[in-house]
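> below is the sequence, then the predicted model.
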Amino acid sequence: MLKAQANPLPPKVYGENHHIIPKSEGGGDELDNRVRLTARQHFLAHWLLYRADPTIRSRAHSFWRMCNGRGKVQPE
């Protein structure tokens, strides 16, 4: 996935923004904390974050949302 930053997605390829340091862990919306990934890369990024430490509830919740088609947070 590190290749994703070095090789940005072409403009017409579907991509999703991913926070390198999760917002729930202190990361912000700055450009240097975001990377554009394919949907598969994005799913794998959340799976790897969860696997790295499954005791962090926010990581478990984010991965659960991706597994259950709830990747986008809806505004209230």
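Yep, that arrived. Since this is a predicted model, take the numbers as computed values, not measurements.
> give the contact list for the residue nearest in space to the middle of the chain.
Geometric centre of the chain, nearest residue: His18, 3.5 Å, by C-alpha atoms, centre = their mean. Contacts for His18 (C-beta atoms under 8 Å, 6 or more residues apart in numbering) come out as 34-37, 41-42, 45. Placement of C-beta: from N, CA and C, glycine included.
> before we move on, what SS does it have?
strand (DSSP: H, G, I helix; E, B strand; the rest coil).
> check the offset of the biggest helix by length in the chain from the chain's centre.
For the chain, the longest helix by residue count, based on DSSP state H, is helix 39-52. Centroid separation for helix 39-52 versus its chain: 7 Å, with C-alpha atoms, centre = their mean, to the nearest Å.
> quick one on the thing from earlier: for Arg34, see how far away the residue nearest to the centre of the chain is.
Between His18 and Arg34 the distance is 7 Å, computed by C-beta to C-beta, to the nearest Å.
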